[in-house]
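S.K.: Quick one: sequence plus predicted model below, questions after.
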Amino acid sequence: MAISDRAEAERRIDWLVAELKRHDILYYLRDRPELSDAAYDRLRRELEEVEARWPDLVRADSPTQRVGAPIGGASFAPVEHRVPMLSLDNAMSEAELRAFDERVRRLLDTTAPVEYVGELKLDGAAVELIYEAGRLEVGSTRGDGRVGEDVTANLRAVLTIPERLAAGQPPALASIRGEVVIPLQAFARLNRLREARGEEPFVNPRNAAAGSLRQREEVDLERLRSLEFRAYAIAEGLPAEAATQADALACLREWGFAVSDAARVCRDVDDALAFHAAALATRDRLPIEVDGTVFKLNRFDQQRDVGTLPRSPRWAIAFKFPPQQEHTVVEAIEVNVGRTGALTPVAKLRPVFVGGVTVSNASLHNQDEVERKDVRVGDTVVVQRAGDVIPQVVRVVPALRPQGAKPWRMPSRCPVCRAEAVRLEGEAVTRCPNLDCPAQLANNVRHFASRGALDIEGLGEKLVEQLVAQGLVKRVSDVFRLDAETLTGLDRMGAKSAANRIAALERARQTTLARFLIALGIRHVGAGVAELLADHYAGDLDALMNAPREEIEAIPGVGPTIAESLVRSFADPRNRREIEELRALGVRWPKGERRVAREGPLLGKTFVLTGTLPGLGRDEAKRRIEDAGGKVTASVSKKTSYVVAGADPGSKLAKAEELGVAVLDQAGLEALLGD
Ligand code: IVH
């Protein structure tokens, strides 16, 4: 039923925003969704409807509002912290913690025990959140402690950061301090994704959290959604009745923040040591990386008496956990060829038990890393489990180096296909440039067929792996040599699905130059660059292939790294041959091709077409949607705005109904297009 009353609309919006956020947390952070996708979408659509009717009631934190980094500018805007963000002094041993306690009591001029609050030291990125009249206004990184960076837009996407304080009478200004962390599971997932994309993995969860907050372009929303915030201090806006750190933590909880569950009051230094020992014992079972404990004098009046040094308070200390390190011997250094062609040296270690697991391999990352640490076969090394589970070689023990051990060199050829390995200027990674290298082939074929590239429907992971394993695809172009008969012989492939695959291949042959360039998987050539190039050369691939480096470099938006990568790739006779093959096999695109309009009534909407559209045709429909600013994609997801169903629609219609995506017929589409 439509809402006619403004106050009721406001209440409904508040409820819907809170409810959607709660379900986002269950879905993204807890892996425990309570709603089906369709039910979630119904809530979301209701919110969109109420907001459309009452546009001035749209809340800044509404999930319908786009989130992203600040647009433009070379860097994040600086934010001066009104109260400096200090760091903590460290204690590394029981003796050092006792010395801290004695200093505190000397400064307080007391021999009686003093109370501390014990907290976990979370290993993430420190941030400050400024709430004015209970609303989140500015969020910033710690920076140098005095001036940080404005990352408000990204922080608004972190689900455990409330947009409003849950306080009846919020203070005029509150400064909340805490740590943004990435749970270990999300960290592992993110690194797997980065490796699959040929990007450097993050070395630890701290860097991953900080890096996520500082995303500027093409902000990855899922990544921000996987972050969590834990509050540990109120630097300004503390309620008058709060006299202790324990009160402050209780107040933070009341205001709607997540506060570490482990925190508790310790009655004296012995109790603090017990807290530390208990935390250390649970270290490996915690879902987030914790690198120690923090002890803070509980009473604020005592904190004031003890005072603060320029860099750190005298009333608090971090008691670090011992690093999880062991010694072992490097038995060999092997080179792995990743699915993206990266050649990674890996130390084969005499198995050693460290931080709860047996480690027998450790990545040495790249040639520079091996040289910097000077790791040689036969060396005794210190290994540590950093962050999650990625074992690292920390350093060599030079005294234990066997005589005659030789410095390690990266091989000049790919150990799998023997192609000459290349290392682009300014890059740390050495790569096998051969698109058909067996180590890379399956990955390349999948990329080639993926949605952003040639968009070959039905050529999924399982099928590609079979095709490569059975030698049916030895080069990327071989997919266009497949016929229905060959496919029918494969696992779980009936005549009908084989025919569908062949039809999909036929459709994919007609593409755009931008898609074709993406499909080639040239380093540094992603969607944005491919569009620029296709536009610049108006669909003329030969002109691009024969262009000198200076010409490519001069295209706005294309830098020297990209130009170098393109020129190298097109200089490789294997790649040129492969491109010729693809053209000979019927892959084609229009010259003078068009781009999706940057404006129009359908901007931001995604469409999926299914079935035949009499009198319009799919290509024509696609072109008109794109002219109106919309996007056409191949498969239906929660994010699809509309499914356009013609005659004899396929399974996409059922999928749309299942997900609650709006379905249009041809007339409906034409109405949206404005004719
Ligand atoms: S209190 C003046 N409490 O450790 C108090 N810090 O070196 C300063 N950290 O920059 C911070 N967990 O990023 C505090 N429970 C906790 C913490 C914590 C992690 C980080 C924080 C800070 C660094 C101090």
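M.R.: Received, thanks.
S.K.: Do you know the pLDDT at the spatially most central residue of the chain?
M.R.: For the chain, the residue nearest the mean C-alpha position is residue 223 (3.9 Å; Cα atoms, centre = their mean). For residue 223, the model assigns a pLDDT of 86.
S.K.: For the lowest-mean-pLDDT helix or strand in the chain, which strands pair with it and how are they oriented?
M.R.: None of the helices or strands of the chain scores lower by mean pLDDT, DSSP states H and E than strand 631-633, at a mean of 75. Applying DSSP bridges to the sheet, strand 631-633 is found paired with strand 606-610 (parallel).
S.K.: Follow the chain on from the partner strand and name the next helix or strand.
M.R.: Per DSSP states H and E, the first helix or strand lying C-terminal to strand 606-610 is helix 618-627.
S.K.: That following helix: which residues count as buried?
M.R.: Neighbour counts over helix 618-627 (16 or more other Cβ atoms under 10 Å) mark 618, 621, 622, 624, 625, 626 as buried. From N, CA and C alone the C-beta is placed, and that goes for glycine too.
S.K.: relative to strand 606-610, how tilted is it?
M.R.: Orientation of helix 618-627 against strand 606-610 (axes from the mean of the first three to the mean of the last three Cα atoms, to 10 degrees) gives an angle of 170 degrees.
S.K.: which helices and strands sit right next to helix 618-627?
M.R.: The contact analysis (3 or more Cβ pairs under 8 Å, 6 or more residues apart in numbering; DSSP states H and E) places helix 618-627 against strand 606-610, strand 631-633, helix 666-673.
S.K.: which parts of the stretch 151-300 of the chain sit against the ligand?
M.R.: Neighbours of the ligand within the stretch 151-300 of the chain, by Cβ under 6 Å from any ligand atom: 179, 232, 233, 294.
S.K.: any idea which of those residues has the most stuff around it?
M.R.: Per-residue neighbour counts (other Cβ atoms under 10 Å) across these peak at residue 232, which has 24 neighbours.
S.K.: count of residues packed around residue 527?
M.R.: Residue 527 is flanked by 14 other residues according to other Cβ under 10 Å.
S.K.: Surely it and residue 514 touch.
M.R.: Yes: applying Cβ atoms under 8 Å as the test, residue 527 and residue 514 come out as touching, 7.4 Å apart.
S.K.: Output the below-cut-off pLDDT ranges for the protein.
M.R.: The chain contains residues with pLDDT under 70 at 1-2, 28-31, 66-74, 201, 203, 323, 355-357, 386-389, 593-598, 675.
S.K.: which SSE is the closest residue to the ligand within the stretch 401-550 of the chain in?
M.R.: Here the stretch 401-550 of the chain gets closest to the ligand at one residue, residue 428, 28.1 Å apart by Cβ to the nearest ligand atom. Per DSSP H and E: residue 428 is located in neither a helix nor a strand.
S.K.: Need the three-state assignment for the residue of the stretch 251-400 of the chain at minimum distance from the ligand.
M.R.: Proximity to the ligand, evaluated over the stretch 251-400 of the chain using Cβ to the nearest ligand atom, is greatest for residue 294 at 4.3 Å. What DSSP: H, G, I helix; E, B strand; the rest coil gives for residue 294 is strand.
S.K.: what's the answer for residue 52, then?
M.R.: Of the three states, residue 52 takes helix under three-state DSSP.
S.K.: Do you have the strands of the stretch 51-200 of the chain handy? List them.
M.R.: Ranges of strands within the stretch 51-200 of the chain are 78-80, 90-91, 116-122, 125-132, 135-141, 147-149, 173-181, based on DSSP state E, counting those that start in this stretch.
S.K.: now for those strands, which one comes closest to residue 546?
M.R.: Smallest distance to residue 546 across the strands of the stretch 51-200 of the chain (Cβ to Cβ): 43.8 Å, for strand 147-149.
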